[in-house]
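Asker: 3D model of this:
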Amino acid sequence: MMAEPFNESEFGTDKNLDRNNLELEAERIANLYSKYAFRAANARAEKDNAEDALTKLTVKFKIEVERASAELEKIHATIGLEIRKDPKSFGLSEKPTEATVESQIQTDARYIAQRNKTYDAKGYILTAEYQEALKRLRDATEHLEWMDEAKESMLIKRSGLKHLSDLWLGGYWTTEIRMGTDATEMARKSQREGLKNPTT
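Answerer: Sure, this is the predicted structure:
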């Protein structure tokens, strides 16, 4: 299953805690956590798939490098044997030195062609196929980090909801409202008394 993209706007709404609707928040928190836990699990699976694909691709390319290198060694040995059997056909003296043989091998068209194939095989990291697989892994890793963070945020929200509920049950807001009402009443009383007993 393809991991669902991270939606910052949706996450911003989901992580906010409305202290004036604790009962609604309490009903929602389990579903929100499940939503982000499920998305994080999908993101983890997507990252694992991307890692597997990159590993398989790397192995495939490394096998190609090994084959090309083995073929290069085979061509090197074949040309060296041909030179040693008949050096004159290569324009060399009857008993060429090893340095001369090696130089002749290095300039042989068959060797140069296979050496180029080997270099190309070793450059697999630069291929579009490899770069795409690498990008997919990077994107999947970043997505997983976002989803794990979102899931963790829902646990923090649950903890905050518990603390706010404890405050509500302890009458925190009731006390605040009562104190506000009392202060307003005291100000009015003081104002009335000031009007009744003006001091001049």
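Asker: going along the chain, name the helices of this structure.
Answerer: 8-15, 22-85, 98-107, 109-122, 128-169, 172-196 (DSSP state H).
Asker: so the residue nearest the centre of the chain versus Ile125, what's the distance?
Answerer: In the chain, the residue lying closest to the centroid (CA atoms, centre = their mean) is Thr141, at 1.8 Å. Plainly put, Thr141 is 18 Å away from Ile125 if you go by CB to CB, to the nearest Å. (Each C-beta comes from the backbone N, C-alpha and C, glycine too.)
Asker: just to check, Lys157 is in contact with Leu17?
Answerer: Yes - contact criterion CB atoms under 8 Å: Lys157 and Leu17 qualify, at 5.7 Å.
Asker: who touches both of those two?
Answerer: Shared contacts of Lys157 and Leu17, defined by CB atoms under 8 Å, 6 or more residues apart in numbering, comprise Glu25.
Asker: show me what contacts the residue nearest to Thr118 when sequence neighbours are not counted?
Answerer: Excluding its sequence neighbours, the residue lying closest to Thr118 (CB to CB, 6 or more residues apart in numbering) is Ala68, at 4.1 Å. Ala68 makes contacts with Gln114, Lys117, Thr118, Asp120, Ala121, Lys122, as judged by CB under 8 Å, 6+ apart.
Asker: what does Thr118 give?
Answerer: Val65, Ala68, Ser69, Glu71, Leu72.
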